[in-house]
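J.: Sequence first, predicted coordinates after that:
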Amino acid sequence: MDMSDLIKGVKDHPDYHKAGMILCHNGVVRATSRDGSPVERLEVRADREKLAEILAGLKGRPGIIEVLAEVHEGVLLPGDDIMYVVVAGDFRENVFATLMDAVDTIKRDVTSKSEQ
């Protein structure tokens, strides 16, 4: 899956006509960790059931029409895409807050990563 597939999925939603914006996040593997040490590769795992629960909860927020996300699992290299999140909603204050919460919650509760 790629970002354009997720955007198309949002646009295919029956309530898409109520959207005022679509906001996207594309997380990538950095070549250095937060402490500055080099990263040759990153092993990523995702809890798909937890991801579905989180997305369902976010979709229930006021003004939010759709929230879709994809986490790429396995061994990834610097520059590879890790996670896509797409949020559609009525007004930017609803959509920006939901995107931030989605990214933070997915990173914290869905993914596990091992830098090598």
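T.: Good, I have the coordinates.

J.: contacts and neighbour counts: CA atoms only from here.
T.: Will do.

J.: Could you list the single helix or strand in this protein with the lowest mean pLDDT?
T.: The least trusted helix or strand in the chain, going by mean pLDDT, DSSP states H and E, turns out to be strand 111-115, with a mean of 92.

J.: what helices or strands is it leaning on?
T.: strand 42-46 (3 or more C-alpha pairs under 8 Å, 6 or more residues apart in numbering; DSSP states H and E).

J.: quick check, distance from the strand it packs on to the centre of its chain.
T.: Taking C-alpha atoms, centre = their mean, to the nearest Å, one finds strand 42-46 lying 14 Å from the centre of the chain it belongs to.

J.: quick one: the following helix or strand past that strand to strand 111-115, angle?
T.: Per DSSP states H and E, the first helix or strand lying C-terminal to strand 42-46 is helix 48-59. Put simply, helix 48-59 runs at 120 degrees to strand 111-115, going by axes from the mean of the first three to the mean of the last three C-alpha atoms, to 10 degrees.

J.: Next secondary structure element downstream of helix 48-59?
T.: strand 64-71.
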